[in-house]
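K.L.:
Give me coordinates for this.
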Amino acid sequence: MQTEFEFTLPRGYIDETGVVHKQGRMRLATAVDEIEAVEHPQVHEKESYLPVYLLGRVVTQLGALPAVTPQIIARLFAADLAYLQDMYLRLNSSEPVLINAVCPHCSAQFQLQVAPMG
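P.N.:
Presented below is the predicted three-dimensional model:
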């Protein structure tokens with residue numbers, strides 16, 4: 001059973017030396033990941049921090065960084081955070097995920113069912 005999945009961020013994380021890190025790996029979440037994320041003090045202070053803390057646990061690699069932490073996840077561009085949140089949902093959901101989409105030709109909006117990745 002595959003438990004880790006590779007990804008490429010749309011924009012990439014820019015470290016303090018200016019190096020862009022786009023390639024990474026995410027593992028499947030465990031019950032402990034979700035429990036500890038919900039119980040984390042920063043999540044109690046601000047609920048919107050939950051995905052940042054959770055992704056900081058399950059993203060196992062990002063470019064050449066020695067470790068991926070919630071602080072690194074918090075400094076991602078919004079497009080990269082949204083990408084990782086979508087990937088997390090697809091990997092850890094047993095149900096198909098619905099996403100909003102826009103037709104590139106006629107601009108009609110619709111929902112698209114995306115199969116889980118796992």
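K.L.:
Tell me who's in contact with the residue lying closest to Ile14 once chain neighbours are set aside.
P.N.:
In this structure, Ile14 finds its nearest non-sequential neighbour in Val20, 5.5 Å apart by Cβ to Cβ, 6 or more residues apart in numbering. Heads up, the C-betas are built off the backbone N, CA and C, glycines and all. Contacts here follow Cβ atoms under 8 Å, 6 or more residues apart in numbering; on that basis Val20 touches 12-14, 63.
K.L.:
Scan this protein for its longest strand.
P.N.:
strand 4-14 (DSSP state E).
K.L.:
So what angle separates the directions of the helix or strand following that strand and strand 4-14?
P.N.:
Going down the chain from strand 4-14, the next helix or strand is strand 20-27, by DSSP states H and E. Counting by axes from the mean of the first three to the mean of the last three Cα atoms, to 10 degrees, strand 20-27 lies at 150 degrees to strand 4-14.
K.L.:
Name every strand pairing with strand 20-27 and say which way it goes.
P.N.:
strand 4-14 (antiparallel), strand 59-62 (antiparallel) (DSSP bridges).
K.L.:
Determine which stretch of the ones you listed is the most buried.
P.N.:
Neighbour counts (mean count of other Cβ atoms under 10 Å) averaged over each of the strands paired with strand 20-27 peak at strand 59-62, with a mean of 20.
K.L.:
What average pLDDT does the helix or strand just after it get?
P.N.:
Next along the chain after strand 59-62, taking DSSP H and E as the criterion, comes helix 70-74. Taken as a whole, helix 70-74 has a mean pLDDT of 96.
K.L.:
Now do helix 70-74: which elements does it pack against?
P.N.:
Where contact means 3 or more Cβ pairs under 8 Å, 6 or more residues apart in numbering; DSSP states H and E, helix 70-74 is packed against helix 50-58.
K.L.:
What helices and strands are in contact with the helix it packs on?
P.N.:
strand 20-27, helix 31-39, helix 41-45, helix 70-74, helix 78-92.
K.L.:
okay if I get these as a markdown table plus distance to Gln2?
P.N.:
Listed next are those as a markdown table, based on distance: least, Cβ to Cβ, whole Å:
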| stretch | distance to Gln2 |
| --- | --- |
| strand 20-27 | 10 |
| helix 31-39 | 17 |
| helix 41-45 | 29 |
| helix 70-74 | 23 |
| helix 78-92 | 10 |
